[in-house]
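1. Okay, sequence plus prediction incoming.
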Amino acid sequence: MKRHALALFCCVVLTAALVYAQSEEGFQTATVLSIEKIAADAQHMENSDGYKISMRMGDTIYLCRAYGSASTFIDWSSGKEFPAKVSDKTLLVKNKNGQMVELKITGKKKPK
């Protein structure tokens, strides 16, 4: 009986350790409030796939700009949630496929 209890206890501890190790430190849930494609700039073609994105994380709304392929933002829509964290003037968002997307923070505000 003691061996079974010890084995069960070890399994529980190992499971808890694995769950803790896989959690993303510093990441919180961010919700997409709006996303819209920005018109292409003829002078700067590298910024042809630009997006204006508003995301809510906690009690702050972050107004952001991002540049990337349409496939990166294909499943982004209002109400979708992603793990994210703030790093200087950047909002780092983990896409559904595990890819990190950098959003440049252009402003932030508190909701009314």
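-> Looks like it arrived, so ask away.

2. Quick check: the residue positioned nearest the centre of the chain vs Ala40, distance?
-> The centroid of the chain falls nearest to Val93 when counting by CA atoms, centre = their mean (2.6 Å). Applying CB to CB, to the nearest Å, the value for Val93 to Ala40 is 23 Å. C-beta here means a position set from N, CA and C on the backbone, and glycine is covered the same way.

3. At which residues are the strands of this protein located?
-> In the chain, the segments counted as strands under DSSP state E are 28-38, 50-57, 60-67, 81-87, 90-94, 100-109.

4. Buried residues, the fifth one. List them.
-> Residues of strand 90-94 classed as buried by neighbour count (16 or more other CB atoms under 10 Å): Leu91, Leu92, Val93, Lys94.

5. Tell me which other helices or strands that strand touches.
-> When contacts are defined as 3 or more CB pairs under 8 Å, 6 or more residues apart in numbering; DSSP states H and E, strand 90-94 packs onto strand 50-57, strand 81-87, strand 100-109.

6. mean confidence for that strand?
-> Averaged over strand 90-94, pLDDT sits at 95.

7. And stretch 102-110, by the same measure?
-> 94.

8. Buried ones in that stretch, by neighbour count?
-> Here stretch 102-110 shows Leu103, Ile105 as buried, counting by 16+ other CB under 10 Å.

9. Pull the distance from that stretch to the chain's centre.
-> 13 Å (CA atoms, centre = their mean, to the nearest Å).

10. Touching that stretch from outside, list them.
-> Here stretch 102-110 makes contact (CB atoms under 8 Å, 6 or more residues apart in numbering) with 53, 55, 59-66, 86, 89-93.

11. Stretch 29-45 now?
-> By CB under 8 Å, 6+ apart, stretch 29-45 touches 47-57, 61-62, 65, 73, 76-84, 91, 93.

12. Give me the helix or strand of this structure that scores worst on average pLDDT.
-> For the chain, counting by mean pLDDT, DSSP states H and E, helix 2-22 ranks last in confidence among helices and strands (a mean of 55).

13. Good, wrapping up.
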